[in-house]
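S.K.: Structure for the following, please:
(one chain, ligands or ions: 1)
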Amino acid sequence: MHSHSKPIGIFDSGIGGLSVLRHIQRYLPGEDLLYFADSGFLPYGEKQRDFVAERTLNAARFLIEKNCKALVIACNTATAAAIHLLRIQYPETPIIGVEPGLKPAAAITKSKQVGVLATESTLKSEKFRLLRDQLALATGVRFIEQACAGLAEHIEIGQIDSGNTNLLLMRYIAPLIEQNVDTIVLGCTHYPFLSEQISNAALESGASEPIRIIDTGEPVAIHLKRKLDVAGSGALNAQAKNRPDLLAAFTTGRTELLSETFHKFLGLQPPVNQITI
Ligand code: DGL
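M.R.: Okay, here's the model as predicted:
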């Protein structure tokens, strides 16, 4: 098999990685994609780092055994816990992670107060703290962290417009607006599915103008394309195909849930397989 025709593996603790996959499909329309949701073990954000690292290594092994030529860890929590381990384990494979977009936020905030919504585990990680401290020092921006316990679980089960989800959002967003935040970083890949609700919660909390929202899905897709397009490596599949096996999904949770989510958010109906790892 030529390396360009091998699939790209995309991984998240659940459905959050679909907010990255949608951009990968747009920027890399010729690529076969395998999506792996570890929904049976979500939320990662409230689990021990070692547990998340072990699950991530398991998922990566599964995707590599499926012949993936590159891995996208479309989960901030898993990236913070395990990307260094994955790069040691698979030195030949391009591995792209995601991290909260503090840099683009610092570049556009006017009030110099930026809110960061993420899981507890991401915010506690050394990787995040280093990035935050370096940028705060270099730019004078204050990053105000908000761990969003429970939010990813609500999104996972499709509670986008529910009263409970809105209550949670108001609880997390109002204190940020009180502190003059004008830009909010979505530091968890589940949250982009709530962008509109987050903007509304900011306005309801008294924001004087629409909040700026930073989602890293698109830059991640661009970065992946650049990595595969390294001159002469032949890894990029530049042909746009239209084959039914372009996309397949695997979950450790309920297959119906992942199928419904693909359909609801992306209008796609890939085959979804239940796996135990
Ligand atoms: N989607 C994951 C992230 O980006 C977290 C969700 C979870 O807690 O499992 O951080």
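S.K.: Do I have it right that residue 215 meets residue 194?
M.R.: No - using C-beta atoms under 8 Å, residue 215 is not in contact with residue 194; the gap is 10.6 Å. Using the backbone N, CA and C atoms, a C-beta is placed for each residue, glycine as well.
S.K.: In terms of neighbours, single out the busier of the two.
M.R.: residue 194 (25 against 21; other C-beta atoms under 10 Å).
S.K.: Pull the contacting residues for the more buried one.
M.R.: Going by C-beta atoms under 8 Å, 6 or more residues apart in numbering, residue 194 touches 151, 155, 160, 165, 169.
S.K.: ok, now how distant is it from the ligand?
M.R.: Taking C-beta to the nearest ligand atom, to the nearest Å as the measure, residue 194 falls 12 Å from the ligand.
S.K.: Let's see the pLDDT reported for that residue.
M.R.: Note for residue 194: predicted pLDDT of 98.
S.K.: The stretch 151-277 of the chain against the ligand: which residues are in contact?
M.R.: Listed as neighbours of the ligand in the stretch 151-277 of the chain under the rule C-beta under 6 Å from any ligand atom: 152, 188-190.
S.K.: Show me these that map onto helices.
M.R.: Mapping those onto helices (DSSP state H) picks out residue 152.
S.K.: Dump the residues of the stretch 151-277 of the chain next to the ligand to CSV, plus distance to residue 208 and pLDDT.
M.R.: Below are these laid out as CSV (distance: C-beta to C-beta, whole Å; pLDDT from 0 to 100):
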residue, distance to residue 208, pLDDT
152, 29, 98
188, 26, 98
189, 29, 98
190, 28, 98
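S.K.: Format the residues of the stretch 151-277 of the chain next to the ligand as CSV; extra columns: neighbour count.
M.R.: Shown next, in CSV, are these (neighbours: other C-beta atoms under 10 Å):
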residue, neighbour count
152, 26
188, 30
189, 31
190, 28
